[in-house]
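J.: What would the 3D arrangement of this be:
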Amino acid sequence: MFYFPLRTLLFQLDPETAHNWTLGLLRATPPLALSALFGRCVPSQPRRVMGLDFPHPIGLAAGLDKNGECIRAWEALGFGFIEIGTVTPRAQPGNPKPRMFRLPLAQALINRLGFNNKGVDYLIEQVRRSGFKGVLGINIGKNADTPAERAIDDYLIGLRKVYPWASYVTVNISSPNTPGLRDLQYGAALEQLLATLQAERQRLCDTHGRYVPLAIKIAPDLADADLPMVGQALRRHGMDAVIATNTTFSRAGVEGMPHAGETGGLSGAPLRERSTAVVRRLADILAGEIPIIAVGGILSGADAAAKIEAGASLVQLYTGFIYRGPDLIREAVLALR
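T.: Residues are numbered from 1 along each chain as shown. I've put the predicted structure just below:
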């Protein structure tokens, strides 16, 4: 009820200014006030996935809170789990502005942010200060100036630093806005990355005395013929989940609209069908051995239900949350009953 007047105001601003203003508002508002204003009572619908207990299966996708500055606010708004990041070993400014664009006629966004963030040490301090006790995913990536052949080094740095603080760690190899990153989804590069991460995770598990699941986030633009190879690699190297999907290079469904020609990843309603198709295909390939976290084009409870019906265990919101607000969380949970 309160969100739509706020959205009208925010949509008068350019998207990145609106995003930053919203994060500032969330930081400044006590969680109890946020819950009273926006966080309608979200029913419990417990799920156990990756060995973790989720109060319900609707979570926040990575990208909205790259630095982990609003963790308790997302909790107050009703999310069942929260994923922060993508965070890189060192702070970086990201790509030149403007780098976010709304396509309201399609309920979509295009971004080419480029992993802008304050660095992993800053994020860890935010997590520590939050005192959050729920399920927290931390999404890690590589710095833009790290050569492709050294990408694994950045992921190892990120994994080592966030391991004590994360409920699970997501390895982002599918952003379209870091040159060469998506090459890590294929062949020998994928095999080497997963093998290295699994070995390091085992070492960290022994050191810290706790097992932290690893999830791999993939692109919707992978060819159908490549998905079995990805699934086999995830199985072979003991990954705990796959997140499907990131944003897309495709402009299907937005042709001719203002900003449709901007470079970057497209998210929102136009991504819905392709993302769901990837979830369905992965579900067939993985046959229940590895859970799927679905994200992409969820703007209604029915959209969330379609992801679960396609084979997902959990669902994440990003663009749909921007267009629909906190009511979408409750609507999605109710649709899964």
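J.: Not counting stretch 113-125 itself, show me its contacts.
T.: Counting by CB atoms under 8 Å, 6 or more residues apart in numbering, the neighbours of stretch 113-125 from elsewhere in the structure are 63, 66-68, 84-95, 99-100, 138, 140-141, 143-144, 157-158, 161-162, 165, 175, 177-178, 264. Glycine gets a C-beta too; all of them are placed from N, C-alpha and C.
J.: among the residues you listed, which ones are buried?
T.: 63, 66-68, 84-89, 91-92, 94-95, 99-100, 138, 140-141, 143-144, 157-158, 161-162, 165, 175, 177-178, 264 (16 or more other CB atoms under 10 Å).
J.: Give me the subset of those lying in strands.
T.: Among those, DSSP state E puts 84-87, 100, 138, 140 in strands.
J.: Please dump these into TSV; it should also carry pLDDT for every row.
T.: Supplementary listing: those in TSV, determined by pLDDT from 0 to 100:
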residue	pLDDT
84	99
85	98
86	98
87	98
100	98
138	99
140	98
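J.: okay if I get those residues as JSON lines plus distance to residue 306?
T.: As requested, those are arranged in JSON lines below (distance: CB to CB, whole Å):
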{"residue": "84", "distance to residue 306": "26"}
{"residue": "85", "distance to residue 306": "26"}
{"residue": "86", "distance to residue 306": "26"}
{"residue": "87", "distance to residue 306": "30"}
{"residue": "100", "distance to residue 306": "27"}
{"residue": "138", "distance to residue 306": "28"}
{"residue": "140", "distance to residue 306": "29"}
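J.: Nearest to residue 333 among those?
T.: If you rank these by distance to residue 333 using CB to CB, residue 84 comes first, at 21.0 Å.
J.: List phi and psi for the residue nearest to the closest one when sequence neighbours are not counted.
T.: Nearest-residue entry for residue 84: residue 68, 4.1 Å, with adjacent residues in sequence omitted and distances by CB to CB, 6 or more residues apart in numbering. In this entry, residue 68 is assigned phi and psi values of phi 70, psi 30 (degrees, to the nearest 10).
J.: pLDDT wise, what is residue 68 at?
T.: According to the predicted model, the pLDDT of residue 68 comes to 98.
J.: same check, this time on the one 5 residues further on
T.: We have a pLDDT of 97 for residue 73.
J.: ok, then the element right after the helix or strand of the chain with the lowest mean pLDDT?
T.: The helix or strand with the lowest mean pLDDT-type score in the chain, counting by mean pLDDT, DSSP states H and E, is helix 31-37 (a mean of 90). Using DSSP states H and E, the next helix or strand after helix 31-37 towards the C-terminus is strand 47-49.
J.: Which strands border that following strand, and is each parallel or antiparallel?
T.: Using DSSP bridges, the neighbouring strands of strand 47-49 in the sheet come out as strand 52-54 (antiparallel).
J.: Now do the next helix or strand after the partner strand: which elements does it pack against?
T.: Per DSSP H and E, strand 52-54 leads on to strand 58-60 as the next helix or strand towards the C-terminus. Secondary structure elements in contact with strand 58-60, counted by 3 or more CB pairs under 8 Å, 6 or more residues apart in numbering; DSSP states H and E, are strand 81-87, strand 314-317, helix 327-335.
J.: Distance from the chain centre to strand 58-60, please.
T.: Here strand 58-60 shows a centroid-to-chain-centroid distance of 9 Å under the convention CA atoms, centre = their mean, to the nearest Å.
J.: Buried residues in whatever helix or strand comes next after that strand, which are they?
T.: Proceeding C-terminally, strand 58-60 gives way to helix 71-77 as the next helix or strand, assigned by DSSP H and E. Of all the residues in helix 71-77, those buried under the rule 16+ other CB under 10 Å are 71-77.
J.: per-residue pLDDT, residue 1?
T.: According to the predicted model, the pLDDT of residue 1 comes to 61.
J.: May I see the buried residues of the longest helix belonging to the chain?
T.: As far as residue count goes, and with DSSP state H defining each element, the longest helix of the chain is helix 187-208. Burial within helix 187-208, assessed by neighbour count using 16+ other CB under 10 Å, is assigned to 189-190, 193-194, 196-197, 200-201, 204.
J.: Neighbouring strands - and their directions - for the helix or strand just after it?
T.: Toward the C-terminal end, the helix or strand that comes next after helix 187-208 (DSSP H and E) is strand 214-218. Next to strand 214-218 in the sheet, as set by DSSP bridges, lie strand 168-172 (parallel), strand 241-244 (parallel).
J.: mean confidence score for the shortest one?
T.: Model confidence over strand 241-244 averages 98 on the pLDDT scale.
J.: same question, stretch 299-319
T.: Average pLDDT, stretch 299-319: 98.
J.: C-alpha coordinates for that stretch, CSV please?
T.: What follows is stretch 299-319, C-alpha atoms only, in CSV (Å, rounded to 0.1, in the frame of the first residue of the first chain):
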residue,chain,number,x,y,z
LEU,A,299,6.8,-10.2,-10.9
SER,A,300,3.9,-12.2,-9.4
GLY,A,301,3.1,-15.1,-7.2
ALA,A,302,2.3,-17.1,-10.3
ASP,A,303,5.8,-16.4,-11.7
ALA,A,304,7.3,-17.7,-8.4
ALA,A,305,5.1,-20.8,-8.5
ALA,A,306,6.1,-21.5,-12.1
LYS,A,307,9.8,-21.6,-11.0
ILE,A,308,9.1,-24.1,-8.3
GLU,A,309,7.0,-26.2,-10.7
ALA,A,310,9.9,-26.2,-13.1
GLY,A,311,12.1,-27.7,-10.5
ALA,A,312,13.5,-24.9,-8.3
SER,A,313,13.8,-25.3,-4.5
LEU,A,314,14.1,-21.6,-3.7
VAL,A,315,13.3,-18.4,-5.5
GLN,A,316,15.0,-15.0,-5.5
LEU,A,317,13.7,-11.5,-6.4
TYR,A,318,15.4,-8.5,-7.8
THR,A,319,13.7,-6.5,-10.6
